[in-house]
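Colleague: How does the following fold in three dimensions:
(one chain, ligands or ions: 1)
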Amino acid sequence: MTRLLISTDLDGTLLNHHDYSAAAAEPMLQKLRSLEVPCVLNTSKTFAELEPLRRRLGHRDAFIVENGAAVCIPSDDPLGVSMTPLPRMGNYRYQSFGPDRTAILALLKKLSGRFRFRGFSDLSVDDLIACTGLDAASATLAMQRQFTEPLIWEDSDDALAEFAETLAGHQLQIQRGGRFVHVMGLCDKAEAMRWIARQYQSLWDEKVIVMALGDGENDIGMLQQADIPVVVRSPAHEPPPVPGRSDVRITEREGPEGWYDAVGEALQRLGL
Ligand SMILES: [Mg+2]
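Modeller: A predicted model of the protein is given here:
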């Protein structure tokens, strides 16, 4: 038998671009729960941001935070129970794939004389609200980071290239996304997805088919490495190309509506 595993982006994919609602996808989330198909959230959001969101969605599976920096597994989940050697964080076991943020901040402090930037650790909640438009509660949760540091880059492009080279010497990288340059370990959504697929493979002892859904540039690696790659259409931009894959499905409908359609089709095709 084969088992299905889903790895999904949140903003613009499972969550509506405009109001962050997942309402249109909720019946399908319920169906996945009844079929015992794990739906792993794979996002740039922090652990602190995911707690209220998972409660709202009734989400009980594992999730991947801060762009692939760590996987968190509920410790009472069958997968979590099999992971007892992993460290605990609240009611979760977690596996991280890069250094802690404190190590990143220590290096950034040393580099702050050479390059001009401001990180989240230099900002107040009000500063973050001013530059992102987040509400106070969301900004507070977004600032509770554990594995990555977003920077507002205030130096030249050449300096950014030199900065990236310096970080590489410390096993760190930058990922550009929206307003910020994210400093993080050598990890990404794709690696974290593959790691959790391997864990399910050994838990189930069955072949695992991985379906990945995303809408943005930072989902491309994850889509390239999935068995079933789905680009969810966005009202904000064109579907990003997924190099090397001619079998990508692009949803007709946008956001959670498209998500609902694509997951429904896959379940039907797999006879689930
Ligand atoms: Mg997205």
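Colleague: Every contact and neighbour count from this point should use C-alpha atoms.
Modeller: Fine.
Colleague: what ranges do the strands span in this structure?
Modeller: Listed in chain order, the strands of the chain (DSSP state E) span 2-8, 39-42, 63-65, 70-74, 88-89, 92-96, 117-119, 149-153, 172-177, 180-185, 207-214, 228-233, 249-254.
Colleague: so of these, which one's packed in deepest?
Modeller: strand 63-65 (a mean of 28; mean count of other C-alpha atoms under 10 Å).
Colleague: Please enumerate residues in contact with it?
Modeller: 40-47, 70-73, 189, 192 (C-alpha atoms under 8 Å, 6 or more residues apart in numbering).
Colleague: The residues you listed: which ones sit near the ion?
Modeller: Residues of these in contact with the ion (C-alpha under 5 Å from the ion): none.
Colleague: The ion: which of these is nearest?
Modeller: Nearest to the ion among these, counting by C-alpha to the ion, is Thr43 at 7.8 Å.
Colleague: Hmm, Val248 is touching Pro241, no?
Modeller: No: judged on C-alpha atoms under 8 Å, Val248 makes no contact with Pro241 at a distance of 9.0 Å.
Colleague: More neighbours: those two, which one.
Modeller: Val248 (18 against 13; other C-alpha atoms under 10 Å).
Colleague: now for the contacts of strand 63-65, which pair is the farthest apart?
Modeller: By the measure C-alpha to C-alpha, Ser44 and Ile73 form the most distant pair in those, at 16.7 Å.
Colleague: In a markdown table: the contacts of strand 63-65, plus pLDDT.
Modeller: Shown next, in a markdown table, are these (pLDDT from 0 to 100):
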| residue | pLDDT |
| --- | --- |
| Val40 | 98 |
| Leu41 | 98 |
| Asn42 | 98 |
| Thr43 | 95 |
| Ser44 | 92 |
| Lys45 | 93 |
| Thr46 | 95 |
| Phe47 | 96 |
| Ala70 | 96 |
| Val71 | 97 |
| Cys72 | 96 |
| Ile73 | 96 |
| Lys189 | 96 |
| Ala192 | 98 |
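Colleague: hey, what's whichever residue of the stretch 51-200 of the chain sits closest to the ion bridged with?
Modeller: Closest to the ion within the stretch 51-200 of the chain is Gly177: 10.4 Å, counting by C-alpha to the ion. Beta-bridge pairing for Gly177 (DSSP bridges): Phe180.
Colleague: if we can go back for a sec, going by distance to Ser7, which of the contacts of strand 63-65 wins?
Modeller: Val40 (4.7 Å).
Colleague: So which residues of the stretch 101-250 of the chain form helices?
Modeller: Taking DSSP state H, counting those that start in this stretch to define them, one finds helices in the stretch 101-250 of the chain at 101-111, 125-132, 136-142, 157-168, 189-204, 220-224.
Colleague: Determine which of these approaches Pro87 most closely.
Modeller: That would be helix 189-204 among those, by C-alpha to C-alpha, at 15.7 Å.
Colleague: Pull the residues that contact that closest one.
Modeller: 5, 7, 42-43, 64, 67-71, 79, 82, 97, 207-208, 210, 218-219, 221-223, 225.
Colleague: Extract the C-alpha set from it and format it as PDB.
Modeller: The C-alpha trace of helix 189-204 is given here as PDB (Å, rounded to 0.1, in the frame of the first residue of the first chain):
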ATOM      1  CA  LYS A 189      11.400  24.000   3.200                       C
ATOM      2  CA  ALA A 190      12.300  21.200   0.800                       C
ATOM      3  CA  GLU A 191      14.900  19.600   3.100                       C
ATOM      4  CA  ALA A 192      12.600  19.700   6.000                       C
ATOM      5  CA  MET A 193       9.800  18.100   3.900                       C
ATOM      6  CA  ARG A 194      12.100  15.300   2.900                       C
ATOM      7  CA  TRP A 195      13.100  14.700   6.500                       C
ATOM      8  CA  ILE A 196       9.600  14.300   7.700                       C
ATOM      9  CA  ALA A 197       8.700  12.100   4.700                       C
ATOM     10  CA  ARG A 198      11.500   9.800   5.800                       C
ATOM     11  CA  GLN A 199      10.200   9.700   9.400                       C
ATOM     12  CA  TYR A 200       6.700   8.800   8.200                       C
ATOM     13  CA  GLN A 201       8.200   6.200   5.800                       C
ATOM     14  CA  SER A 202       9.900   4.400   8.700                       C
ATOM     15  CA  LEU A 203       6.900   4.800  11.100                       C
ATOM     16  CA  TRP A 204       4.500   3.300   8.500                       C
END
